[in-house]
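Participant: quick one: sequence plus predicted model below, questions after.
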Amino acid sequence: MNDKTSLITLADVAKTAGVGESTVSRVLRNHGSFSDKTRTRVMAAVEALGYVPNRIAGTLASTGSPLVAIIVPSLSNIVFSDVLSGITRTLEAGQRQAVFAVTDYDAEREEALVAAVLAWRPAAVMLVGLEHSAGTRRMLGVAGCRVIELLDVDGTPMDIAVGFSHRAAGRATADAMIAGGYRRVAYVGHDIRRDTRSAKRFNAFTQRLQEAGIPLHDHDIRPSPSSISEGKQGLANVLERSPDIDAVYFSNDDMALGGYFHCLAAGIAVPERLAIIGFNALDICRHTPQPIASIRTPRIEAGQRAAELFLADAPAQTLDLGFSLVEGKTIRRE
C-alpha cells in the first residue's frame, strides 16, 4: 500500500481534474449541479490518485450525515445478520452508509458503543430491543438523531420501534403446546438476564401455561449465549431430572436444533415421545429430517421497514409486523 495515499486531499483531486474543490465535493456527494464531463474528469482523478473521502469531515461540515449506526447483540446468530441485510440494502438504495457494532448482549458495552458512534454524528442510531441502560437512553435523548429500536414492540420506544411482540409469541407457543394436549412441559433456554426479549417470551409462556392449569414441569436456563451445543446439553439435563416430560419449548431455533440432535442420538421419538418447538424459524430447521416447529419472525422485513421509515423521516411510531406459527413435524395437534 502507498503510504502517501492517506495524504491525498480534496485539493489534490481538484488540481488533477482541473476544477474547483467545491465541484469535486459536489461530484463525490452526488449533490448539486455538474456536467457528465466534469464528473468523468473528477472520478478519473479520484481513481488515479487513490483518493479516499474524509467522511468524518464531510459529516461535520454538512447538515445531513450519510451515516447510520447499527448496534446488534451478536453476529454469530443469523437472526441479526438477516436484520442487517434488510437494513443495509435499503440504506444503500437511499445513498446512506451503514456502520455497525456488536454488544455481546452487554448493556454496558452497548452504552460505550453508543457513545463512540455518536461522536461520528450519525443521522440515526438503530439498536435491538427496547431495554437499555440509563446512560444509553440519556445520550440518545439529546443526540439530535433518529433512534430506531428493532425486533421488539413490548414497551415504549424512544422514537421508532419496528418488530413484533415477544410476549405474544411466548403465549402463542404455549397455546400450541396446549392445543397439542401436552401437560408435562419443560423449557430450555439461554441467558435471559442479558437477552431481555427471550425473557419476555419465557415469562409469557409460563404465565399462559399457568392460566391453562399447566405449571411448567421443569426448565434449564443455560448461563451462556444460545448455541446448538447448549440446547443439546440443556435438554439432556432436563431429561435426567424429569424423564416424564412430553414437550419442550426452546428459547430459539439454535437451542431447539441441539435438542433435536440429542433426541436423534438418544433414540427419543419426536413428536411421539417428546415434542419440540423453537423460535425464529431458521432455514436450517426446515431441512432437518422432521422440520422443527417454530415461530417465524420477520427479521429481514424489520430491517427493511426500519430503514424505510428512517429514509422517509417518518414520525415517531411503533410498527408491529407480527409473527406466525410454523407447525413443522415436531409437535402434534389433538
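Facilitator: That came through, no problem. Numbering: from 1, shown residues only.
Participant: how does the chain divide up, domain by domain?
Facilitator: Annotated domains of the chain cover 3-53, 67-164+299-322, 166-296 [automatic domain parsing].
Participant: among these, which is nearest residue 329?
Facilitator: domain 166-296 (3.9 Å; Cβ to Cβ). To be clear about C-beta, it is placed using only N, CA and C from the backbone, and glycine gets the same treatment.
Participant: how long is the closest one end to end?
Facilitator: 12 Å (Cα to Cα, to the nearest Å).
Participant: using PDB, write out every CA atom in stretch 134-142.
Facilitator: In PDB, the C-alpha atoms belonging to stretch 134-142 read as follows (Å, rounded to 0.1, in the frame of the first residue of the first chain):
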ATOM      1  CA  ALA A 134     -30.000   4.900  31.700                       C
ATOM      2  CA  GLY A 135     -26.800   6.200  30.200                       C
ATOM      3  CA  THR A 136     -27.600   5.000  26.700                       C
ATOM      4  CA  ARG A 137     -31.100   6.400  26.900                       C
ATOM      5  CA  ARG A 138     -29.800   9.800  28.200                       C
ATOM      6  CA  MET A 139     -27.200  10.100  25.400                       C
ATOM      7  CA  LEU A 140     -29.700   9.100  22.700                       C
ATOM      8  CA  GLY A 141     -32.300  11.500  24.100                       C
ATOM      9  CA  VAL A 142     -30.100  14.500  23.400                       C
END
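Participant: tell me which residues of it come out buried.
Facilitator: Of the residues in stretch 134-142, 136, 139-140 count as buried by neighbour count, 16 or more other Cβ atoms under 10 Å.
Participant: same deal with stretch 67-85?
Facilitator: By 16+ other Cβ under 10 Å, the buried positions in stretch 67-85 come out as 67-74, 77-80, 82-84.
Participant: what is the rounded mean pLDDT of it?
Facilitator: Regarding stretch 67-85, the rounded mean pLDDT is 93.
Participant: chain center to it: distance?
Facilitator: 5 Å (Cα atoms, centre = their mean, to the nearest Å).
Participant: gap between the two ends of that stretch?
Facilitator: By Cα to Cα, the extent of stretch 67-85 from end to end equals 16 Å.
Participant: show me the shaky parts of this protein.
Facilitator: Within the chain, the stretches with pLDDT under 70 are 1-7, 50, 52-64, 334.
Participant: done for today, thanks.
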